[in-house]
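J.: with the input below, show me the fold.
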Amino acid sequence: NQSTDTNNTDTNQSTDTNNTDTNQSNNSGQDSGNNPSNSSGQNSDSNQINPSAPPTVVLSNSESVTQAANIGGQTVQDLTIAQGGSVSNGTLAGSINSEGLISNIIIDTGATLNGGLISGSNINNGTIRDATITAYSEITGGLFEGDIINRGMLSNIHLGIGSTLTGGTLSDIIQNKGTIFDVSLNAQTRLIGGVMGGIIKGSAAKPAYLGAVEILSGATLSHVRISPTTQLPDDVVIGEGVIFPTSYNQPSFADFGIDETQLSNMDIKAFQGIEPAVLGLFEPKHLQQLPLAIFAEFEAADMSYLQPATVSALSVEQLEQLPLDALAGLTANNVDALNRDVLETMNAEQLTAITPEAIQQAVQPAKIFTQLNPEKISPAQLKAYLPKDWTIDEETGKITTPTGTKLTYKALQNTVVQQAGLPEIADLSTSFSLGGTGDSSAQQDLNTGLQQSVSLDSVDLNQFIFTQNEQGILNIIGEGDYAGIKFAFLPGVNNIEQAPLDAPVGLAQDEGGFFIMITPEQQEFFLTPSSNDPVGLVNVLGGESITTNDTEQTNQACEYNDSVAKFNQSGDVLLKISQDDNTRNRNTRGFETEVHVVGMFDAFVEPAPDDFCIDGECDWAQMPDNLQMGMHFSDNLRALQQSYVTYPDGSSQVVYPTVLYPEKFEKLIAALDGIEKVIYQADGSFKVIYFGQTATLYPNFETQVTALPNPNALVKPSIEFQEG
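T.: Residues are numbered from 1 along each chain as shown. Have a look, this model is predicted:
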C-alpha cells in the first residue's frame, strides 16, 4: 500500500519533468524515449519531442530481446533482455531477466526485474534485484534486493533484508532493512532502519534524518540528524552539520524530527517517514489527533511501541482502519489495555491477527476475554489464547483458572465511575466467562455464598444480601432484625482471585480485618471498604473528581491539583478540602489554599438521623453543625484519629487517616532492618512485627510540606525514625 500511494504521486512528478529527464539520458549516451507515465497511446507526440528515439516495436510475452526495443507504452511480461538488448518506454510485468538495459520503464505491481542496467526515469511498483542504476537516472518506489549499484537517484524505496546498496543519491523516504554504503542524501530525506557505512552526507541546508540505523565502524557523517535510536560506533567520524538528540534517555518529538503540533495535519507519506520508536512518545491525545486514514498505514512495529495508556485510547473507528498485520504488533505489555468498545467490536479475524503469546502473557488476559463479544468470537476460537492451565466451557463460555489467578470481570460502564473518580469497577451482573454472559452472575454467586456462611460475630448473615448500587458500590444490606444496616465496599476489577479448591465458602475476615467473600465457584472477592456515595462525597466537598488511572508515575502528586477525590483499588482515597476552620489550618503547599488528606472509609454506613431526615430529604436548617453535609474532623490527638463525612441524604461514614498507595508503603516498611512482617489493616493503619515485637503504625491527617529545590525535582520515597 505504501508503494502504491507513493508511486501515484511520483508518476505525476515524472510527467512534469519528462523533457529534462530525456535530455539527461541523451547527453549521457544512454537509451532514451518516452516517459513511462505517458502511456496513453500518444506515441507520435513523444517521437516528435524526441525524434532520435527508436521506432516502436511490438513485443510478445516471454520474448527474448537482443536489440533496442521502444515498446511505446505496451505492457509486456516475462521478458529476457540479452546483453546488447534494451527495452524502453512501457510497462514490464511478471519476471524480467536482464543482461541488457531498460529505460523509462514502469515495473508493474508484483513484477520482478533481475539484473541489468537501468537508465532514464523509472517507476518501480515491484521488485528490482541485482541491478545497476546508471548516472543521471532516477527510480521511484518499490523494493530493491540483492546487490544494487547506484550511480543515479533512488526515491521512496525499500531495501530488503540482507541486501546491499552502494553509491548514488537517495531521496524522500528510504526504508532500509539491508546495508547502504557511500551515499548522498537529498534535502530532508528520512532514512529509517538497517545498516550504513562509508561516507554518508546530507544537505547542508536541510539535513537528512537517520532513524534506527546502525552506523558501521569508520563511517563518516556530515549534514545529517541523528535519531535517539541510531547507533554510532566509537570510531565514527563526525563531519560538519551533524545534529544530535537533545536527550537519549528522554527524547522529544523534535529529536525524532517530528513537529508535535502538526500531528493532526500529518499525511500518509509523512507518517511513512517516521520510525516506529516515536510511537512510544504518543499519549492518548496524540493518537486522537492523527487523521483516520493514517491508521491504515500502521505496521506491527508501530503498535509494539505504543504505551498501554495510549492503546487504551484506540477507538473503534481507528481499529477498523488498522491492517491485520499491524495487530500482530500488540505485545503482552499493551494488549490488555484495549478498551471495552474496541474489544466488543473485535471479530474473529482481528483476534486471530494478534499473537496468542501476547494475550497469554499479558498481565490481565481475563480483561480481554470477559469483554470480547461472544456473538463474534466463539469459545472454540478463544481457546488458543488461554494461558496455561486455563480452560473454557465451549457451551457456556465459562472460564476456569488455576488457584491464585487474578480474575478480571467485565468493567461497569456508567458515567458515575468517571464523575466520582472511581477506579474500574467490576460489573457484578456479569460472570467470569467469554463476554461475561455465560453461567451465573457474580452477584448471584455472592448471595449464594453469603447464605452458606456461618455466623460472623453473632450476626445472622442469612438476613443480609449483596447488591450493587447505582454507583457501582457493593452493599451488604440487612433485612428483618438487621433492617437499616448497610455496609459499603469497592468491587474493583482487580480485587478478585481464584481461591484454593478447599477454601471454605462464605464471608470471613483476614488478619487485617478486611472482609473476604468466597463464592461457591471458589472465587475470592476482597471487599475493600468504600464510600457508599462517591458522587455525594464529591458534591459535599465542592469540586471535580479525579479520573486518572492508577498507573505509577514519578510526578503522581500533580494529578490531583484540580480535583477533590480519587479512589484507589486498595481503599485509600485522596481528598482535597478547602482550608477553613474545619481543617484547623493544616499545612498546605505554598501555591494552594486546599488541604490534601488520605482516608480509608469505615464500611459501615450510618443511617440519616430520623429526627431531621425522611426518605433522603433532610431539614438542613434545623440540623446541628456536627451533622451538616461535609467532612468533619475531630480534635482528638489520639494515635487512632478519625473524621466523618455526611452525605446529601443525611447518611454518614467514619473516615480513618491512611497513606496514599498503601501497597507501596508496605514495600518501603518491609525493606527496613528488623521488619519481619507488615499487615495493612481495615482502619488504615499498619501492624508490623519489628524485631519480634508487634507494633501498630497509625497515620494521621496532619502532613508536613517541604519546598522542592525546583519544580522538576523528584523526591525519593523514604522513612525516617524519630526520637521519642
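
J.: my guess is Ser61 contacts Gln77, does it?
T.: I think there's a mix-up here, since residue 61 is Asn and not Ser. Yes - using CB atoms under 8 Å, Asn61 is in contact with Gln77, at 5.1 Å. Every residue, glycine included, has its C-beta placed from N, CA and C.

J.: neighbour count: those two, which is higher?
T.: Shown here are Asn61 and Gln77; by other CB atoms under 10 Å, Gln77 has more neighbours (17 against 11).

J.: and the more buried one, bridged to which residues?
T.: Ala93 (DSSP bridges).

J.: likewise Thr694?
T.: Ile689.

J.: test my guess that it contacts Val688.
T.: Yes - using CB under 8 Å, Thr694 makes contact with Val688 at a distance of 7.4 Å.

J.: let's see stretch 373-382 as PDB, backbone CA atoms only.
T.: The C-alpha trace of stretch 373-382 is given here as PDB (Å, rounded to 0.1, in the frame of the first residue of the first chain):
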ATOM      1  CA  ASN A 373     -18.300 -10.200  22.100                       C
ATOM      2  CA  PRO A 374     -19.500 -13.900  22.200                       C
ATOM      3  CA  GLU A 375     -21.600 -13.200  19.100                       C
ATOM      4  CA  LYS A 376     -18.300 -12.500  17.200                       C
ATOM      5  CA  ILE A 377     -15.800 -14.800  19.000                       C
ATOM      6  CA  SER A 378     -16.700 -18.400  19.900                       C
ATOM      7  CA  PRO A 379     -15.300 -20.200  22.900                       C
ATOM      8  CA  ALA A 380     -13.600 -22.600  20.500                       C
ATOM      9  CA  GLN A 381     -11.800 -19.700  18.800                       C
ATOM     10  CA  LEU A 382     -10.700 -18.200  22.200                       C
END
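
J.: mind listing what's buried in it?
T.: Pro374, Lys376, Ile377, Pro379, Leu382 (16 or more other CB atoms under 10 Å).

J.: same thing with stretch 358-373?
T.: 358-360, 362, 364-372.

J.: what about the stretch 151-300 of the chain, any weak spots by pLDDT?
T.: Under the criterion of pLDDT under 70, none of the stretch 151-300 of the chain is flagged as low confidence.

J.: picking up where we left off before, and of the buried residues of stretch 373-382, the nearest to Val505?
T.: Using CB to CB, Pro379 comes nearest to Val505 of the buried residues of stretch 373-382, at 26.5 Å.

J.: ok but Gln350 is inside a helix, no?
T.: Yes - counting by DSSP: H, G, I helix; E, B strand; the rest coil, one finds Gln350 located in a helix.

J.: wait, it touches Asp325, no?
T.: No - between Gln350 and Asp325 there is no contact under CB under 8 Å: 11.4 Å.

J.: thinking again about what came up before, higher neighbour count, Thr694 and Val688?
T.: Comparing Thr694 with Val688 by other CB under 10 Å, the one with more neighbours is Val688, at 20 against 11.

J.: quick one on the thing from earlier: could the buried residues of stretch 358-373 be laid out in CSV, adding secondary structure?
T.: Listed next are the buried residues of stretch 358-373 as CSV, based on three-state DSSP:
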residue, secondary structure
Ala358, helix
Ile359, helix
Gln360, helix
Ala362, coil
Gln364, coil
Pro365, helix
Ala366, helix
Lys367, helix
Ile368, helix
Phe369, helix
Thr370, coil
Gln371, coil
Leu372, coil
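
J.: which one of those is nearest Gln413?
T.: Taking CB to CB as the measure, Gln413 sits nearest to Gln371 out of the buried residues of stretch 358-373, at 10.1 Å.

J.: show me what contacts that closest one?
T.: Gln371 makes contact with Arg340, Leu343, Glu344, Lys410, Ala411, Gly435, Gly436, according to CB atoms under 8 Å, 6 or more residues apart in numbering.

J.: wait, Glu676 sits on Gly692?
T.: Yes - assessed by CB under 8 Å, Glu676 is found in contact with Gly692 at 7.2 Å.

J.: of these two, who's got more company?
T.: Remark: of Glu676 and Gly692, Glu676 carries more neighbours, 12 against 7, as counted by other CB under 10 Å.

J.: how much space between the more buried one and Glu297?
T.: Counting by CB to CB, to the nearest Å, the gap from Glu676 to Glu297 is 57 Å.

J.: strands of the stretch 451-600 of the chain, start to end?
T.: Assigned by DSSP state E, counting those that start in this stretch, the stretch 451-600 of the chain shows strands spanning 464-468, 474-478, 486-490, 496-498, 506-509, 515-518, 523-529, 565-567, 572-578, 594-601.

J.: right, I mislabeled it, should have said the stretch 251-400 of the chain
T.: With strands called from DSSP E, counting those that start in this stretch, the stretch 251-400 of the chain shows them at 391-392, 399-400.

J.: packed most tightly, which of those strands would that be?
T.: Greatest average neighbour count among the strands of the stretch 251-400 of the chain goes to strand 399-400 (a mean of 20), per mean count of other CB atoms under 10 Å.

J.: identify the residues contacting that one?
T.: Contacts of strand 399-400 with the rest of the structure, by CB under 8 Å, 6+ apart, involve Ala366, Phe369, Thr370, Leu386, Trp390, Thr391, Ile392, Asp393, Phe432, Ser433, Leu434.

J.: low-confidence regions, the stretch 551-700 of the chain specifically.
T.: Residue ranges of the stretch 551-700 of the chain with pLDDT under 70: 551-563, 579-594, 636-639.

J.: that older thread, who has more neighbours out of Gln350 and Asp325?
T.: The residue with more neighbours, out of Gln350 and Asp325, is Gln350; 18 against 12, by other CB under 10 Å.

J.: let me know the pLDDT of that one.
T.: pLDDT recorded at Gln350 is 97.

J.: contacts only, for it.
T.: Contacts of Gln350 (CB under 8 Å, 6+ apart): Leu319, Leu324, Leu327.

J.: residue contacts, the residue most central in space within the chain?
T.: For the chain, the residue nearest the mean C-alpha position is Val311 (2.9 Å; CA atoms, centre = their mean). Neighbouring residues of Val311 by CB under 8 Å, 6+ apart: Met303, Leu330, Asn334, Val335, Ala337, Leu338.
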